[in-house]
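K.L.:
Pasting the sequence and the predicted coordinates here, then a few questions.
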Amino acid sequence: MTDPILRVQGFHSGYDGVPVIHGIDLEVAEGELVAIVGANGAGKTTTMRTIAGLMHPFKGCVLFEGEDISRKKAHETNRMGISYVPEGRRLFPKLTIEENLELGAFTKTDREEIERNLEQVFDLFPKLFDRRSQIAETLSGGEQQMVAIARGLMSNPRLLLLDELSLGLMPSLVEKVMEAVVSINRSGVTILLVEQMVQEALEIADRGYVLQTGRIVQQGTARELLDSPEVRKAYMGM
């Protein structure tokens with residue numbers, strides 16, 4: 001594996017002084033698609049929010065391209081190349097698709113670059129181009145998720161953090177969203193994905209970490225985790 005673009009070391013995090021994450025270590029190499037999987041309440045979103053700069057670790061550090069970003073705010077990590085697509089999509093419901101996408105480029109000042117980024121995300125999601133003037137709240141859940149992912153790409157991230165993409169989606173739409181994630185990764189974007197649909201996430205990932213009550217209990221290649229009797233029994237009902 002090449003040098004990690006992201007390294008989390010001895011990482012404790014939580015809310016109002018109450019720990020949720022208890023000393024985890026993980027890393028993501030440039031170009032990888034890595035999944036953090038586990039049940040609802042395992043601490044996956046807390047991990048992502050802390051990496052993105054929306055909250056700060058109590059102990060330990062987050063290194064991005066070798067730089068400690070543990071105390072940086074979210075707009076600073078975004079400028080550095082980290083983009084976070086939050087759980088629940090969090091679109092601006094009264095704005096159009098295109099307006100939502102442009103807000104994803106809030107750290108960009110070059111209009112030509114913004115237009116190029118729009119072109120790229122519309123190439124990835126042609127349906128969004130056809131309906132770019134449609135109000136976000138009138139979209140289906142799957143379409144809103146596509147907008148949320150596309151908005152996350154508008155800042156040209158080096159690292160894309162994807163939080164619980166399957167939440168509230170029908171199984172057929174989950175498959176389409178996962179296919180889009182693979183396409184984004186193949187285009188050169190490094191991805192850290194957290195997901196409670198364990199099998200679906202590991203089927204597209206290179207490697208994975210299993211998070212349970214704030215601790216990593218297993219890690220390995222995606223294939224190793226898919227074949228693990230413990231993972232199959234705990235998360236796939238096998």
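P.N.:
Good, I have the coordinates. Numbering: from 1, shown residues only.
K.L.:
you'd agree Glu115 is in a helix?
P.N.:
Yes. Counting by DSSP: H, G, I helix; E, B strand; the rest coil, one finds Glu115 located in a helix.
K.L.:
Can you report how many residues lie near it?
P.N.:
When counting by other Cβ atoms under 10 Å, one arrives at 12 neighbours for Glu115. No exception for glycine: its C-beta is placed from N, CA and C like everyone else's.
K.L.:
repeat for Arg90
P.N.:
Neighbour tally, Arg90, other Cβ under 10 Å: 14.
K.L.:
What backbone torsions are found at the closest residue to it other than its chain neighbours?
P.N.:
Spatially, and ignoring its direct neighbours in sequence, Arg90 is nearest to Ala148 (7.1 Å; Cβ to Cβ, 6 or more residues apart in numbering). Main-chain torsions, Ala148, degrees, to the nearest 10: phi -60, psi -40.
K.L.:
Could I have the CA atoms of the helix ranked longest in the chain written out in PDB?
P.N.:
In the chain, assigned by DSSP state H, the helix with the most residues is helix 171-186. In PDB, the C-alpha atoms belonging to helix 171-186 read as follows (Å, rounded to 0.1, in the frame of the first residue of the first chain):
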ATOM      1  CA  PRO A 171     -32.600  -1.900  -2.500                       C
ATOM      2  CA  SER A 172     -32.700  -1.200  -6.200                       C
ATOM      3  CA  LEU A 173     -31.600   2.400  -5.600                       C
ATOM      4  CA  VAL A 174     -28.800   1.300  -3.200                       C
ATOM      5  CA  GLU A 175     -27.300  -0.700  -6.000                       C
ATOM      6  CA  LYS A 176     -27.300   2.300  -8.300                       C
ATOM      7  CA  VAL A 177     -25.800   4.600  -5.700                       C
ATOM      8  CA  MET A 178     -23.000   2.000  -5.000                       C
ATOM      9  CA  GLU A 179     -22.300   1.800  -8.800                       C
ATOM     10  CA  ALA A 180     -21.900   5.600  -8.800                       C
ATOM     11  CA  VAL A 181     -19.400   5.400  -5.900                       C
ATOM     12  CA  VAL A 182     -17.300   2.800  -7.800                       C
ATOM     13  CA  SER A 183     -17.300   5.100 -10.900                       C
ATOM     14  CA  ILE A 184     -16.200   8.100  -8.800                       C
ATOM     15  CA  ASN A 185     -13.400   6.000  -7.200                       C
ATOM     16  CA  ARG A 186     -12.300   4.700 -10.700                       C
END
